[in-house]
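Chemist: predicted model and sequence below, questions to follow.
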Amino acid sequence: MGFNDLIGQEKAVKLIKEGLGSGRLNHGYLYYGPENRGKYTFSLAAARALNCSQEKEDYCGTCLSCQKINKGVHPDLWVIEPQGKNIKIEQIKKIKGFSSSPPHEGLGKVVIIKDAQLMTLPAANSLLKLLEEPPSYLYFFLTSPALDLIPPTIISRCQLVPFGRVSREEIYYFLAKNSFLEENELKGVAHLADGSVGKALSMISSPHWKDKREKYLKRTLKVFSGKEGDIFAQAEELANEEELFDYMEFLESFLRDCLVYHSTGDKDLLINVDFLHEIAAEGNIYPDKLLNMIKEVEEFKKNLPLPLNRRLSLEALLVKMKG
Ligand SMILES: [Zn+2]
């Protein structure tokens, strides 16, 4: 175990390693970027590295300290997350007690503030005081979906580290190493994960993810071949679908695949490569028609109707796709 197991965030790794190596770690780090990019996972890894008894600029994952962090029982790690809608000043004030004595075991005490953008103004001001004059052994790791959601005063006290998209190839190799997926599934998941390792992992950790994809495929093929009567039945069924957005994403990616495959014949460009057979069989839809269908689905996704109007909007969408 170690930083090598985390993929796609070389910049964050480099900064932590440099800090640990030179003994000049920053007291505040702000990790920002969209959901599921591994910001919190990385903060935990940094906490392990600070306290690992086996490694200097990395972590082993197996020493007593690493194990305690894995189990969430390390006395020198404090994790703050929103309670309800925000992070309150009382939560920040508790850091004072936590940080009043030096670390019990490791090199440093670590405070992780998850979704720091949800701090109330008093909470942020209270944190600012701690960031201005932290004890030598206290380190903060903040996460936020975007930089501009954090007060500038906090930003100026932190080292800023963007968490970007992870490339498809990296996700593919990560999954190949860490899962039992078959080649086609690996490719499919790596595409669908949309640059997020977290999304890839949550996809494959759901025991029904394959069933779900099969269900989505069946539905889509019905949309392509259905008669009017079917359309209305389908609209009704879809209106009750809990994960309607999810299905629409699938539908859109399937339509794109049909367009790409029938204009290039290159299966390496497909997202749903596990459904190559079905995509290849849809060769009789004109590209213009496919483009229109994609536009309609995109439009529908943008204005995903409220539950009450869903059925009618879906009927309209399906009729348009048919027509
Ligand atoms: Zn360790």
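Modeler: Ah, there it is.
Chemist: my guess is residue 163 meets residue 33, correct?
Modeler: Yes. Using CB atoms under 8 Å, residue 163 is in contact with residue 33, at 3.2 Å. Any C-beta I mention is one placed from the backbone N, CA and C, and that applies to glycine too.
Chemist: helices of the stretch 1-150 of the chain, residue ranges please.
Modeler: Ranges of helices within the stretch 1-150 of the chain are 10-22, 39-51, 64-71, 89-98, 121-132, based on DSSP state H, counting those that start in this stretch.
Chemist: to residue 200, which of those lies closest?
Modeler: helix 39-51 (12.9 Å; CB to CB).
Chemist: same for that closest one, what does it pack against?
Modeler: Helices and strands touching helix 39-51, by 3 or more CB pairs under 8 Å, 6 or more residues apart in numbering; DSSP states H and E, are helix 10-22, strand 28-32, helix 64-71, strand 109-113, strand 138-144.
Chemist: how about it against the ion, any contact?
Modeler: No. For helix 39-51, no contact with the ion is found by CB under 5 Å from the ion; the gap never falls below 6.2 Å.
Chemist: one step back: just name the most buried of the helices of the stretch 1-150 of the chain.
Modeler: helix 39-51 (a mean of 24; mean count of other CB atoms under 10 Å).
Chemist: CA atoms only: put it into PDB for me.
Modeler: What follows is helix 39-51 as a C-alpha-only set of coordinates in PDB (Å, rounded to 0.1, in the frame of the first residue of the first chain):
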ATOM      1  CA  LYS A  39     -10.000  14.300  -2.400                       C
ATOM      2  CA  TYR A  40     -11.000  12.700   0.900                       C
ATOM      3  CA  THR A  41      -9.200   9.400   0.100                       C
ATOM      4  CA  PHE A  42      -6.100  11.400  -0.500                       C
ATOM      5  CA  SER A  43      -6.400  13.400   2.700                       C
ATOM      6  CA  LEU A  44      -6.600  10.100   4.600                       C
ATOM      7  CA  ALA A  45      -3.500   8.900   2.700                       C
ATOM      8  CA  ALA A  46      -1.600  12.100   3.700                       C
ATOM      9  CA  ALA A  47      -2.600  11.500   7.300                       C
ATOM     10  CA  ARG A  48      -1.300   8.000   7.100                       C
ATOM     11  CA  ALA A  49       2.000   9.200   5.600                       C
ATOM     12  CA  LEU A  50       2.500  11.700   8.400                       C
ATOM     13  CA  ASN A  51       2.100   9.100  11.000                       C
END
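Chemist: ok, and what's touching it?
Modeler: 3, 6, 9, 12, 16, 20, 25, 29, 31-33, 55, 57-59, 61, 65-66, 69, 74, 76-77, 103, 105-108, 110, 112, 114, 139, 141, 143, 163, 198 (CB atoms under 8 Å, 6 or more residues apart in numbering).
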